[in-house]
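Undergrad: model the structure of this input:
(chains A and B)
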Number of protein chains: 2
Amino acid sequence: MKKMTGHIWRLIMVFALLVLLSGQMARAATDPAAALPSWNDSVARTQIIDFVKRTTQEGGADYIKPAERIAVFDNDGTLWSEQPVYFQLIFLMDRIKELAPQHPEWKNQQPFKGILENDMHAVAATGNEGIMAIEHAADVGLTTVEFREKVQHWLDTARHPRFKRPYTDLVYQPMLELLDYLRASGFKTFIVSGGGTDFMRVWTEKAYGIPPEQVIGSTDKVKFEISKGGVPRLVKQGVINFIDDGAEKPVAINRYIGRVPVLAFGNSDGDLPMLQYVAANSLPNLELYLHHDDAEREVAYDRKSAIGKLDKGLDEAAAKGWPVVSMKNDWKTVFPAGNAETKP
Amino acid sequence: MKKMTGHIWRLIMVFALLVLLSGQMARAATDPAAALPSWNDSVARTQIIDFVKRTTQEGGADYIKPAERIAVFDNDGTLWSEQPVYFQLIFLMDRIKELAPQHPEWKNQQPFKGILENDMHAVAATGNEGIMAIEHAADVGLTTVEFREKVQHWLDTARHPRFKRPYTDLVYQPMLELLDYLRASGFKTFIVSGGGTDFMRVWTEKAYGIPPEQVIGSTDKVKFEISKGGVPRLVKQGVINFIDDGAEKPVAINRYIGRVPVLAFGNSDGDLPMLQYVAANSLPNLELYLHHDDAEREVAYDRKSAIGKLDKGLDEAAAKGWPVVSMKNDWKTVFPAGNAETKP
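TA: Predicted structure coming up:
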């Protein structure tokens, strides 16, 4: 009997320990004091935590049902770096260099000539048509599986020109914490980016904990076909289908998600329509901009940048009272621990 | 001390009860014996239950990680009825009748004339161009919010010509059970349908428990604009953007989900590429067809039907050993309880 009682006590202790542990784990993720450790005590951090608290408190005036807790994030410049140019563009240019030996004509043909000679001005001068030619040359004829392998190989081997690290190391630690904090509070996190859907999905689940079905981006045309060997496959046609930027971001949100989100986070004028769309939600909502003002730890750019221009967005944020996150002042660290910032 | 011990015993009892209850609830949803109560003991039911058992058993050879447990379902004719014509087409025709007073010219203009005179042959004779003209007339200029209200109002008031009930009553009870069973087993259920995404999302969450972001269908072009009053909105342009049928279903799955599903369920040749795509998954997978062979409780049609033609699909199912569900023999009931079948 004594042995039996001892057994029951052990069970009670185990139960108590489990209850205690699970409570602490939940607290670490959702307790305001413990949340967002890489964020300084700033207006943005306070507003985020206040928003999550208000909208998840059952019975409160601002309570939002879990199903409606949709949070959308731009990717380039919001979740990871985008300088000196969008990393996907570097991937495409590396792909052109890899294919160049099979295309001797590219030596005299823009935008390929510019890529092979590292003459970015010449590439830029070809404009949209140039980008489309690069996209076509880089992707046409690849199956979606082959494309994924090419992206993965590039991620494994390519290094950022300044930081000398894999591109996926250049995600923002404070944003990883925000994604975790929102998910622990019952929010569903989506990417809504101008980047290619197929490009992003190769690495976004591992990097951000965002599954492929919650990654929305630009798409190209693909064709379903059955190979001579009888194997069904999707083949890239090298033609752009949809560019998920600017006024197309709300269109994509409606098309893919079908609800108006309650939180939107961007960093450029290309995100402004998305933030406006979310701000018009009849549910409580929060819009945020990340301001790249940290020349030492990352790059300082805004109103006049060719990449990630933030001009009208800054004005509208000021007019509407949207929090603007200062990378320099609001973030204790920029990149994940172990990837210490290097100076230029 | 005695009181204290009594208190602890009560706590233990409560814990035990909770553990017991949660176990029973899980069993009701996932226990093979209790699953799919409206299904007769058939090859299809056995294969479904066997598949779920194999793929969810940790450590088993066929185990599939929860993140990869993606199940895709056609809608028209798979989750709800599609006869005498796709219900969305009836919605569109009702919309034309509603708008007709503002368009006196329609009295002499096909396909509108045919709709107003209930002359379906004349409507059908206008083909794809006719459908596009109907779509344009019915949707152009509506905001996505206005469109949703129109669909909801129609669902509330329209009645099926034969069954004399709201269209949303004509979902299939055995399929509702299958959706529940899969979700209780950690599968994520998606609709991949030729129907309009915006049309379906109005009612699919309530009818099937499938949230808008897991409903993939045909889309039309919408435009983001800010009204004169300063309100952001999405306005329908009355132009088709993407038809999610046939070989475009795998394309849509890749575009929206970004993983190859492990279970696919359809009822027509338009679903065949989707089933082929899923069958090529390197993970364990299951493909199923619903065969409409029940003239008494629903409608019997297959190889020669204008709506939901199932011809090549039947041949391929036989060749590949895909289970073909007989509505007549495999289902104890067709529509949900309380909506007893009526005879024609």
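
Undergrad: A:E316 and A:L272 touch, don't they?
TA: Yes. With contact defined as CB atoms under 8 Å, A:E316 counts as touching A:L272 (6.3 Å). In short, each C-beta sits where N, CA and C put it, glycine included.

Undergrad: those two: who's more crowded?
TA: A direct count of neighbours by other CB atoms under 10 Å in any protein chain shown for A:E316 and A:L272 places A:L272 higher, at 24 against 17.

Undergrad: elements contacting the helix or strand in which that one is found?
TA: Secondary structure assigned from DSSP states H and E places A:L272 in helix A:272-279. If you count contacts as 3 or more CB pairs under 8 Å, 6 or more residues apart in numbering or on different chains; DSSP states H and E, helix A:272-279 packs onto helix A:248-256, strand A:263-266, strand A:286-291, helix A:312-320, strand B:215-226, strand B:232-242.

Undergrad: the second one pairs with which strands?
TA: Spelled out, that is strand A:263-266. strand A:70-73 (parallel), strand A:286-291 (parallel) (DSSP bridges).

Undergrad: now mean neighbour count and mean pLDDT too, for the ones you listed, in CSV please.
TA: Converted to CSV, these look like this (neighbours: other CB atoms under 10 Å in any protein chain shown; pLDDT from 0 to 100):
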stretch, mean neighbour count, mean pLDDT
strand A:70-73, 26, 98
strand A:286-291, 24, 98
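
Undergrad: sketch out the low-pLDDT regions of chain A for me.
TA: Along chain A, segments meeting pLDDT under 70 span A:1-30, A:32, A:338-344.

Undergrad: please parse it into its domains.
TA: As assigned by automatic domain parsing, chain A contains the domains A:31-83+A:170-330, A:87-157.

Undergrad: mind checking the end-to-end distance for the longest one?
TA: Distance between the two ends of domain A:31-83+A:170-330: 19 Å, counting by CA to CA, to the nearest Å.

Undergrad: so how far is chain B from A:Y86?
TA: Using CB to the nearest CB, to the nearest Å, we find A:Y86 at a distance of 20 Å from chain B.

Undergrad: quick one: that residue and A:D74 touch, right?
TA: No. At 11.8 Å, A:Y86 does not count as touching A:D74 under the criterion of CB under 8 Å.

Undergrad: please enumerate the shared neighbours of the two.
TA: A:G194 (CB atoms under 8 Å, 6 or more residues apart in numbering or on different chains).

Undergrad: so between the two, which is more surrounded?
TA: Ranked by neighbour count (other CB under 10 Å), A:Y86 and A:D74 place A:D74 first, with 28 against 21.

Undergrad: tell me which of the helices and strands packed on helix A:272-279 sits nearest to B:F190.
TA: strand B:215-226 (6.3 Å; CB to CB).

Undergrad: buried stuff in stretch A:241-256?
TA: Applying a neighbour-count criterion of 16 or more other CB atoms under 10 Å in any protein chain shown, one finds A:242-256 buried in stretch A:241-256.

Undergrad: got it, and stretch A:128-145?
TA: Neighbour-count burial for stretch A:128-145, counted by 16+ other CB under 10 Å, picks out A:G130, A:I131, A:A133, A:I134, A:E135, A:A137, A:A138, A:D139, A:L142, A:T143, A:T144.

Undergrad: just want the residue of the stretch 101-250 of chain A that's nearest chain B.
TA: Nearest residue of the stretch 101-250 of chain A to chain B (CB to the nearest CB) works out as A:P212 at 3.0 Å.

Undergrad: how about that residue, phi and psi?
TA: phi -50, psi -40 (degrees, to the nearest 10).

Undergrad: who touches it in this structure?
TA: With contact taken as CB under 8 Å, 6+ apart, A:P212 is in contact with A:R201, A:T204, A:E205, B:I257, B:G258, B:R259.

Undergrad: and the furthest pair within these?
TA: Largest pairwise distance in the contacts of A:P212, by CB to CB, is 13.8 Å, between A:T204 and B:I257.

Undergrad: looking at these two, which is more packed in?
TA: A:T204 (26 against 21).

Undergrad: so where do the helices sit in the stretch 1-150 of chain A?
TA: Listed in chain order, the helices of the stretch 1-150 of chain A (DSSP state H, counting those that start in this stretch) span A:2-30, A:43-56, A:87-99, A:112-116, A:120-125, A:127-139, A:144-157.

Undergrad: hey, C-alpha coordinates of the helix or strand just after the last one in CSV?
TA: Pointing back at helix A:144-157 there. Proceeding N to C from helix A:144-157, the next assigned helix or strand is helix A:173-184, under DSSP H and E. Extracted as CSV, the C-alpha positions of helix A:173-184 are listed here (Å, rounded to 0.1, in the frame of the first residue of the first chain):
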residue,chain,number,x,y,z
GLN,A,173,16.5,37.6,-36.0
PRO,A,174,13.8,40.1,-34.6
MET,A,175,11.5,39.1,-37.4
LEU,A,176,12.0,35.4,-36.7
GLU,A,177,10.9,36.2,-33.1
LEU,A,178,7.9,38.1,-34.3
LEU,A,179,6.8,35.2,-36.5
ASP,A,180,7.1,32.8,-33.6
TYR,A,181,5.4,35.1,-31.2
LEU,A,182,2.4,35.6,-33.6
ARG,A,183,2.1,31.8,-34.3
ALA,A,184,2.3,31.1,-30.5
